[in-house]
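Build me a model:
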Amino acid sequence: MSGAVAERSLRLFVACDLPDDVESRVREWQRRLLAARPELRFAGALHVTLCFLGSVDEARLPDVTAALHGLTIPALPSGLGDAFFLPQGARKRVVAVRVEDPSGGLVRLQRDMSAALAHKRVYEPERRPWLPHLTVARFRRPGAAFSLQNVNVETFGLPSVVLYSSVLEKDGAVHSPLATYPAG
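Next comes the predicted model:
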């Protein structure tokens, strides 16, 4: 390798975790309504993804953290809306729950974060509008929609924004927090 340094890339995303009590309620909803469906695999982690950066050279990690550190993370009052399937018009791949954003703070945060990360050239913003949601299950193979009930949870606050590294394993992705930015 004649003196060349091997680049190591990290698979990165930025997300808001759920408060513990809300995550427990969503997990109970999963067990009650989705566990009997063998075509589904539960999501290992429940969070609201703000920006999926994908593969980023590890040497660029300071640029990512600088972009995030420069943001003001507002209080993020939220709620859970209807359960639905993705994609909208094709064979289904994901069961999701809409995250309500009554103050608009979550949408503004995602927009500002997207711009800050793009400015550092570590992220290419999505072309489609951002859809705040929780992925609660994935179909093992694309499948058909079925009847869903909504999760009943009181309004809650999203406590922080977390930069995660994600490693794909046979049984799903393993997420490791790299930095946390408290809200409010």
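
Which residue comes closest to the residue nearest the centre of the chain once chain neighbours are left out?
Among the residues of the chain, the one closest to the centroid is Thr49, at 2.2 Å (C-alpha atoms, centre = their mean). Leaving aside its sequence neighbours, Thr49 sits nearest to Ala15 (C-beta to C-beta, 6 or more residues apart in numbering; 4.7 Å). Heads up, the C-betas are built off the backbone N, CA and C, glycines and all.

Is that neighbour within a helix or a strand, and which one?
Secondary structure assignment for Ala15, by DSSP states H and E: strand 9-17.

Okay, buried residues for that strand please.
Across strand 9-17, burial judged by 16 or more other C-beta atoms under 10 Å covers Leu10, Arg11, Leu12, Phe13, Val14, Ala15, Cys16, Asp17.

What of stretch 145-163?
Leu148, Val151, Val153, Phe156, Leu158, Pro159, Ser160, Val161, Val162, Leu163.

Can you show me the helices along this protein?
20-33, 61-69, 105-119 (DSSP state H).

could I get the ones you listed as a markdown table with mean neighbour count and mean pLDDT?
A markdown table is the format used below for these (neighbours: other C-beta atoms under 10 Å; pLDDT from 0 to 100):
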| stretch | mean neighbour count | mean pLDDT |
| --- | --- | --- |
| helix 20-33 | 15 | 94 |
| helix 61-69 | 17 | 96 |
| helix 105-119 | 18 | 96 |
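
Nearest to Pro177, out of these?
helix 61-69 (12.2 Å; C-beta to C-beta).

The residue nearest to Thr49: what's it in contact with?
The contact partners of Ala15, by C-beta atoms under 8 Å, 6 or more residues apart in numbering, come to His47, Val48, Thr49, Leu50, Val161, Val162, Tyr164.

Bridge partners for it, pull those for me.
Ala15 has these beta-bridge partners by DSSP bridges: Thr49, Val162.

quick one: contacts for the residue lying closest to Cys51 once chain neighbours are set aside?
Counting by C-beta to C-beta, 6+ apart, Cys51 lies nearest to Val14, which is 4.7 Å off, once chain neighbours are set aside. By C-beta under 8 Å, 6+ apart, the contact list for Val14 reads Thr49, Leu50, Cys51, Leu53, Leu68, Met113, Leu117, Val161, Val162, Leu163, Tyr164.
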